[in-house]
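1. Quick one: sequence plus predicted model below, questions after.
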Amino acid sequence: MKRDRRKFHIHTFGCQMNQADSGIIATLLQNEGYEPATSEDEAGIILLNTCAVRENAVERIGHYLQHVKGFKRKHPELIVGLAGCIAQYRREALFGDFPVLDFLAGPDNYRDIASLVAEASGGCRVSRLDFDATETYEGILQSRVEPLTSFVPVMRGCNNMCAFCVVPFTRGRERSHPFGSVLREVRELGLGGCREITLLGQNVNSYCDPQSGADFPQLLEAVCREAPGVRIRFTTSHPKDMSPSLVDAMASQPDICQHLHLPVQSGSSRMLERMNRGHGILSYLEKIRLIRQRIPGIAISTDLIAGFCGESESDHRQTLELMREVRFDSAFMFHYSPRPGTLAARTMPDDVSEEDKKRRLQEIIDLQNTISGELLREAVGTVVEVLAESESRRSAAQLMGRTSTNRVVVFDRGSFQPGDLVRVLITGSTSATLSGKTV
Ligand code: SAM
Ligand code: SF4
Ligand code: F3S
């Protein structure tokens, strides 16, 4: 197939923020006359939007670029760009590691991508990797493929400096999007038929409108007013900044989903201090108690890291104990991988053996699977409200959707369509999904 030099294909790795950014890049390229390709084989421009958060994320890019190298051998005019967190983190060294790359763009430099493509087409290898602490891409609406559920970033960057984390080095200083522009985007999405919006930021609880100083709970309430009837989710909440007023906003607004993602990382206060998380386990448990008291039935999920520098067996057991006490609905679980430049990589020996890291992670995963399975079994026999998102992967006769508590439910569709809110009687469960029939 012939490649069209005006058509682009973006391959997105990493978090929801990167998915939203890929939509912004697509809009910026379309504003300059480029078009999305229908397949990777047709594209004259291939762009990887990348994640640097763990070592294996970086390895995945290497594998993917091997595959792109094959394309470029057949079509030397193909332009290959690398955007996002790895570009910012590894900078021009990437040109040495991956000769297939033509250009690099950091997370604050997406307005320059069209000119980078033009320069690269002229035969230069080019990069733009400057931080811009004012860039929020205000006024650029993401090009979206999924009409029913949307991500809306409300802030960029992070000021927290957790010892293990590369994000402050890849995304720069924290900045909040103007209140008015978030509300405009949310209103347009609601009018356009969107049924669920997830507000995004690395630490949404430190949102602060640059003009009025309004905080995140105020933003949440305003978002609910702008898009009535649209489900609202948000991520990520840092436990140290989770305030009683956020709990009040969640308890008083019926459109805010009954789910809170509250990453704890470890069950040991000693580890949390080494990680520079800014809170201990007692205050975490206190927040969980408050939120469960105010919003009974809320689902709480978390992130956990196994084998951070200096973690002893006793620290690890405290993580397992915390999991048994809180009974998280679900968790993203990782073993620690040092990221060069972070406080931990600079000052703390990576002294937990690979074998122990993997074993501890497996124990964490096994326990979480047991807890998630038990919680889902307890849901059998109840009636839940599900927002139908799409046909299920197995059969067009079934729909897949989520509860407000973010549980995945598969059910026989009857006459329902994606976008409908459906009442479903839960009749079965696995460790990750519920199944049922409409009532
Ligand atoms: N801003 C969010 C917060 O504060 O919880 C987290 C964002 S980070 C992109 C997502 C998750 O990746 C973290 O919560 C942590 O569990 C994990 N993570 C980050 N750095 C890591 C590392 N060096 N090794 C293993 N996991 C890591
Ligand atoms: Fe990374 Fe911590 Fe910022 Fe989350 S809050 S992005 S873990 S530095
Ligand atoms: Fe990865 Fe960057 Fe997101 S490092 S997790 S893509 S902010």
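-> Structure's in. What do you need? Ligands and ions are numbered 1, 2, ... in the order given.
2. which SS state does the residue of the stretch 251-400 of the chain found nearest ligand 3 fall under?
-> Closest approach between the stretch 251-400 of the chain and ligand 3, counting by Cβ to the nearest ligand atom: Arg339, at 8.9 Å. Glycine gets a C-beta too; all of them are placed from N, C-alpha and C. Secondary structure, DSSP: H, G, I helix; E, B strand; the rest coil: Arg339 is coil.
3. residues contacting it?
-> 52-55, 164-166, 345 (Cβ atoms under 8 Å, 6 or more residues apart in numbering).
4. and this structure, what are its domains?
-> Under the assignment automatic domain parsing, the domains of the chain span 4-128, 149-378, 380-438.
5. Could you dump those into JSON lines with mean pLDDT added?
-> Converted to JSON lines, these look like this (pLDDT from 0 to 100):
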{"stretch": "domain 4-128", "mean pLDDT": "95"}
{"stretch": "domain 149-378", "mean pLDDT": "97"}
{"stretch": "domain 380-438", "mean pLDDT": "95"}
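6. Would you reformat those domains as TSV and include distance to ligand 2?
-> What follows is those, written out as TSV (distance: least, Cβ to the nearest ligand atom, whole Å):
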stretch	distance to ligand 2
domain 4-128	8
domain 149-378	3
domain 380-438	20
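7. Residues in contact with stretch 59-76: which ones?
-> Contacts of stretch 59-76 (Cβ under 8 Å, 6+ apart): 3, 11, 13, 40, 46, 48, 50, 78, 80, 82, 86, 97-98, 100-101.
8. Please, a ChimeraX command that selects the buried ones among those residues?
-> This is how ChimeraX selects the buried members of those, with burial counted by 16 or more other Cβ atoms under 10 Å:
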select :3,13,46,48,50,78,80,82,86,98,100,101
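9. Relative to Ser404, which of the contacts of stretch 59-76 is nearest.
-> Nearest to Ser404, judged by Cβ to Cβ, of these is Phe13 at 28.8 Å.
10. other SSEs contacting the helix ranked longest in the chain?
-> The longest helix of the chain (DSSP state H) is helix 354-378. Contact here means 3 or more Cβ pairs under 8 Å, 6 or more residues apart in numbering; DSSP states H and E; on that basis helix 354-378 packs against strand 299-306, helix 313-326, strand 330-335, strand 421-429.
11. can you tell which of these is closest to Gly229?
-> Of those, nearest to Gly229 by Cβ to Cβ is strand 421-429, at 9.2 Å.
12. Just checking: what are the partner strands of the closest one?
-> Applying DSSP bridges, strand 421-429 is found paired with strand 383-391 (antiparallel), strand 433-438 (antiparallel).
13. Tell me how many other residues crowd Arg73.
-> 10 (other Cβ atoms under 10 Å).
14. Now do the end-to-end distance for stretch 105-112.
-> Its start and end residues considered, stretch 105-112 measures 8 Å (Cα to Cα, to the nearest Å).
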